[in-house]
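S.K.: build me a structure from this.
(one chain, ligands or ions: 1)
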Amino acid sequence: MSKVTKVVLGVSGASGACYAVRTLQLLMAAGIEVDLIYSSAARRVLFEEMGLRLEDDPEILLQGQVAEAKLRLWPNEDIGAPPASGTAIGDVVMLVPCSLSTIGAIAHGSAANLIERAAQVALKEGKQLLLVPRESPLSKLHLDCLSRLAWAGATVLPASPGFYQRPQTIEELVDQVCGKILNRCGIDQQCLPAWDGGIGLSAQAAEKEGGDVGKANPS
Ligand SMILES: Cc1cc2nc3c(=O)[nH]c(=O)nc-3n(C[C@H](O)[C@H](O)[C@H](O)COP(=O)(O)O)c2cc1C
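M.R.: Here you go, the predicted structure:
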């Protein structure tokens, strides 16, 4: 049973709206209560990338999935909403995806909107702050801000899936990043299988038995 019961999910305007949607779906499936906040840029990107018009109904992001826990939407401008306070912030604040604009603001102590404020509260209260930046290439300024945030205690988990488990679809790539996000928070998930040693293991076994190493590799 996961110890995390409540999460703030901030969505900013980086590319990768699918990561936000899938993370929310996984959190709901895990029965985690979610306070959702999105920036105006995130709303634009959600529409550009997924054709989703997220107005006042956060359940649009669930795309038909039943919400297994409380899901509340707070306006990014509402600096007095519960995620602005250490008394109500829950266990984890995650920004998925996180624009480098928001990274820069948080790295310099800004709390000018609810997403930034929730991030600052997580840092000051010693709660987990998990940032999923998406930008390429990264400038020295970007790297400096990310480094400052890691120094301050945030987890920087770039939206960069690996390929060693041979993903076949975009959904598998997305699941890999989102599974890692949940893993890092100690929330049970089934979408990122643990690495089992891969082809190298079976190739070694074949070698021991005098077989052809090349043939052990699936195509
Ligand atoms: C279609 C689209 C894609 C974008 N992709 C990125 C991105 O990958 N990374 C990033 O840092 N900003 C990206 N931006 C720019 C941000 O949305 C912009 O910096 C915005 O001011 C961020 O505001 P926010 O941090 O309040 O969400 C993108 C914008 C648009 C419209």
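S.K.: now this structure against the ligand: closest residue?
M.R.: Gly13 (2.7 Å; Cβ to the nearest ligand atom). Where you see a C-beta, it was placed from the backbone N, CA and C, and this is true even at glycine.
S.K.: in a helix, that residue, correct?
M.R.: No - assigned with DSSP: H, G, I helix; E, B strand; the rest coil, Gly13 falls outside any helix and is coil.
S.K.: now stretch 133-152: how far from the chain's centre is it?
M.R.: 16 Å (Cα atoms, centre = their mean, to the nearest Å).
S.K.: does it reach the ligand?
M.R.: Yes - Stretch 133-152 comes into contact with the ligand (Cβ under 6 Å from any ligand atom), by way of 134-135.
S.K.: and the contacts of that stretch?
M.R.: 14-16, 19, 97-100, 103-104, 106-108, 123, 129, 131, 156, 158-159 (Cβ atoms under 8 Å, 6 or more residues apart in numbering).
S.K.: so is Val96 in a helix, a strand, or just coil?
M.R.: Quick answer, by three-state DSSP: Val96 is strand.
S.K.: and the chain, which of its residues are near the ligand?
M.R.: Counting by Cβ under 6 Å from any ligand atom, the chain sits next to the ligand at 12-15, 39, 41-42, 44-45, 48, 99-102, 134-135.
S.K.: how many residues are close by Gln189?
M.R.: 18 (other Cβ atoms under 10 Å).
S.K.: am I right that it is in a strand?
M.R.: No - assessed with three-state DSSP, Gln189 is coil; it does not lie in a strand.
S.K.: list the contacts for the closest residue to it other than its chain neighbours?
M.R.: In space, and not counting its chain neighbours, Gln189 is closest to Leu182: 4.0 Å by Cβ to Cβ, 6 or more residues apart in numbering. With contacts defined as Cβ under 8 Å, 6+ apart, Leu182 is in contact with 23, 26-27, 30, 188-189, 192.
S.K.: can I get these in a markdown table with pLDDT and secondary structure?
M.R.: Shown next, in a markdown table, are the contacts of Leu182 (pLDDT from 0 to 100; DSSP: H, G, I helix; E, B strand; the rest coil):
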| residue | pLDDT | secondary structure |
| --- | --- | --- |
| Thr23 | 97 | helix |
| Leu26 | 96 | helix |
| Leu27 | 96 | helix |
| Ala30 | 94 | coil |
| Asp188 | 92 | coil |
| Gln189 | 92 | coil |
| Leu192 | 92 | coil |
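S.K.: give me the buried subset of those.
M.R.: Among the contacts of Leu182, those scoring as buried are 23, 26-27, 30, 189, 192 (criterion: 16 or more other Cβ atoms under 10 Å).
S.K.: farthest pair within those?
M.R.: Greatest spatial distance among the buried ones among the contacts of Leu182 (Cβ to Cβ): Leu27 and Leu192, at 14.5 Å.
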